[in-house]
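Chemist: can you look at this prediction? I've put the sequence above it.
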Amino acid sequence: MTDVKEIAKRAHTAWETKDEATMRTLVHDDYCFKGPMQEFKGPDAYIDCMMNFPFEGRNENVQIIAEGNKVVYASDWIVTAPFSQTIPM
């Protein structure tokens, strides 16, 4: 079994690099997400957002905490374009 922390790392790296092929291996067919600013139903909507995301950046000061199959990925998101900002995530 793949370590859940490794899956979280792979997903965040795929997002940062807009690696559609890797993300497709990580997102289940019935994926859905609802947050305060976005909502996705299905992997195509999620990957479309990733590919068209208007910001560039990277994660620093990453901490990954796992308990069973639950994972928290905490980091500072360093936005580099179209503006510069550090955002705790």
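Modeler: That came in fine, so what should we check first?

Chemist: burial count for Asp29?
Modeler: By other Cβ atoms under 10 Å, 7 other residues sit near Asp29. Just so you know, the C-beta spots here come from the backbone N, C-alpha and C atoms, and that holds for glycine as well.

Chemist: got the confidence number for it?
Modeler: What the model reports as pLDDT for Asp29 is 93.

Chemist: what ranges does the protein have for its helices?
Modeler: 4-17, 20-26, 43-52 (DSSP state H).

Chemist: Glu60: which of those is closest?
Modeler: Closest approach to Glu60 among the helices of the chain is made by helix 4-17 (11.2 Å; Cβ to Cβ).

Chemist: for that closest one, packing partners?
Modeler: helix 20-26, strand 56-67, strand 70-81 (3 or more Cβ pairs under 8 Å, 6 or more residues apart in numbering; DSSP states H and E).

Chemist: would you reformat those as TSV and include distance to Met89 and mean pLDDT?
Modeler: Shown next, in TSV, are the helices and strands packed on helix 4-17 (distance: least, Cβ to Cβ, whole Å; pLDDT from 0 to 100):
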stretch	distance to Met89	mean pLDDT
helix 20-26	18	95
strand 56-67	7	93
strand 70-81	5	93
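
Chemist: so which of the ones you listed gets nearest Lys34?
Modeler: strand 70-81 (17.2 Å).

Chemist: and the angle from the closest one to helix 4-17?
Modeler: If you take axes from the mean of the first three to the mean of the last three Cα atoms, to 10 degrees, strand 70-81 sits at 20 degrees to helix 4-17.

Chemist: quick one: the residue nearest to Asn59 when sequence neighbours are not counted from Thr86, how far?
Modeler: Nearest residue to Asn59, sequence neighbours excluded (Cβ to Cβ, 6 or more residues apart in numbering): Ser75, at 4.0 Å. Ser75 sits 10 Å away from Thr86, going by Cβ to Cβ, to the nearest Å.

Chemist: who's more crowded, the two?
Modeler: Taking neighbours as other Cβ under 10 Å, Ser75 and Thr86 compare with Ser75 leading, 16 against 12.

Chemist: quick revisit: closest one to Val62 among the helices of the chain?
Modeler: Using Cβ to Cβ, these put helix 4-17 closest to Val62, at 7.9 Å.
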